[in-house]
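J.: Provided below for reference: sequence and predicted model.
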Amino acid sequence: MTSNIKKIGVLTSGGDSPGMNAAIRSVVRTCAFHNIECLGIYRGYQGMIEGDFKELGPRSVNNIINKGGTILKSARSKEFMTVEGRKKAHESLIKAGVNALVVIGGDGSFTGAEVFNSEYNFPVMGIPGTIDNDIFGTSHTLGYDTALNTVVEVIDKIRDTASSHNRLFFVEVMGRDAGHIALNTGIGAGAEEILIPEEDLGLERLLESLKRSKESGKSSSIVVVAEGDKIGKNVFELKDYVEENLPEYDVRVSVLGHMQRGGSPSCFDRVLASRLGVKAVESILDGKSNFMVGLLNDKVALTPLEQAIKGHTAIDTELLRVSDIMTT
């Protein structure tokens, strides 16, 4: 590899996800392997503006591969959305001798990186970190697999209570614009219905499905609801509607919330983060910029940041078919 890059900055931005620390570790150690300095940027783009930096070496990232969250912290930065803010950020990087940037985050983080690259021709590389798995150009984002395992474990426990009391539980999972978590965990946990933003099931079909479940002898049911599902204003409205129309059901709601984002990353996420971190640094050293590293057909591949941001991640139609069959 021939490159003029001497120091690479790494930051995490947007919502945290399990695997971010493993990715930081991978970036730092790949830099060390290639005799490149690495600078940790704290609090995302806001820290970049304020010069909140710390030199990171291989021993700086000991014992973080197993930790959720991000040691570099994350913050929203309205200032970075302004031309003046990005100018300050660029000056901070130049002053610190940083030649390139690895951004770990979601589409908002990547949008900031792309704008920054276009204004200053500053080399940037993205690593997708979001549990929603809604980034185009990768089959898995960091934290997605861990979130699935967390949700399935919780639904298994809720089912114990549902069965004991002959109850119907609506379990709301994260996914404002994408139903990947709901669809996969719904199948994995044996849910009776799965409600996702991509498929408008409709209230009447939901009632019919629940009636059939009752008539077939099911004494308890689990319905997994993505937070962005369109058939009710919210999961509590769904509960009220079902209780009004199917009074034989004793309905409860469980909103899993931010517990889905936390916890120790799965083995899959640790390995994925390690692979993506190596590819991100080595792609920069190969002279590439304005790409996201992702997993496609189990191979690490590059996708232009613009495509990663604007591309649409389609729901798996085969999984939808499996879901329909499994809820019979």
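T.: Good, I have the coordinates.
J.: only C-alpha atoms for contact and neighbour calcs from this point on.
T.: Fine.
J.: quick one, helices of the protein?
T.: Per DSSP state H, the chain carries helices over the ranges 20-33, 44-50, 83-95, 107-120, 144-165, 180-188, 203-215, 235-245, 267-285, 305-310, 317-326.
J.: okay, the angle between the longest one and helix 267-285?
T.: Following axes from the mean of the first three to the mean of the last three Cα atoms, to 10 degrees, one obtains 160 degrees for the angle between helix 144-165 and helix 267-285.
J.: what do you get for the first one?
T.: The directions of helix 20-33 and helix 267-285 differ by 40 degrees, with the same axes, to 10 degrees as the criterion.
J.: what packs against helix 20-33?
T.: strand 7-12, strand 37-41, helix 267-285 (3 or more Cα pairs under 8 Å, 6 or more residues apart in numbering; DSSP states H and E).
J.: out of the ones you listed, deepest packed?
T.: Of all the helices and strands packed on helix 20-33, strand 7-12 has the most neighbours on average by mean count of other Cα atoms under 10 Å, namely a mean of 26.
J.: could I get that strand in PDB with only the CA atoms?
T.: What follows is strand 7-12, C-alpha atoms only, in PDB (Å, rounded to 0.1, in the frame of the first residue of the first chain):
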ATOM      1  CA  LYS A   7      -3.000   9.800  10.900                       C
ATOM      2  CA  ILE A   8      -6.600   8.500  10.800                       C
ATOM      3  CA  GLY A   9      -9.400   9.900  13.000                       C
ATOM      4  CA  VAL A  10     -12.200   7.600  14.200                       C
ATOM      5  CA  LEU A  11     -15.600   8.700  15.600                       C
ATOM      6  CA  THR A  12     -18.900   7.200  16.500                       C
END
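J.: if we can go back for a sec, the helices of the chain: which one's closest to Arg59?
T.: helix 20-33 (8.9 Å; Cα to Cα).
J.: got the buried residues for stretch 319-328?
T.: Going by neighbour count (16 or more other Cα atoms under 10 Å), the buried part of stretch 319-328 is Leu320, Ser323.
J.: which residues are in contact with that stretch?
T.: Leu183, Asn184, Gly186, Ile187, Gly190, Ala191, Glu192, Glu193, Ile194 (Cα atoms under 8 Å, 6 or more residues apart in numbering).
J.: With stretch 264-282 instead?
T.: By Cα under 8 Å, 6+ apart, the residues outside stretch 264-282 that reach it are 18-20, 22-27, 30-31, 65-68, 102, 125-127, 142-146, 292-294, 300.
J.: Same check on stretch 140-154?
T.: Here stretch 140-154 makes contact (Cα under 8 Å, 6+ apart) with 17-20, 128-135, 173, 181, 184-186, 188-189, 256, 260-266, 268-269, 272-273, 294-295.
J.: And that stretch, how far out from the chain middle?
T.: On the basis of Cα atoms, centre = their mean, to the nearest Å, stretch 140-154 sits 9 Å off its chain's mean C-alpha point.
J.: Distance check, Gly14 against Phe169.
T.: As judged by Cα to Cα, to the nearest Å, Gly14 and Phe169 stand 31 Å apart.
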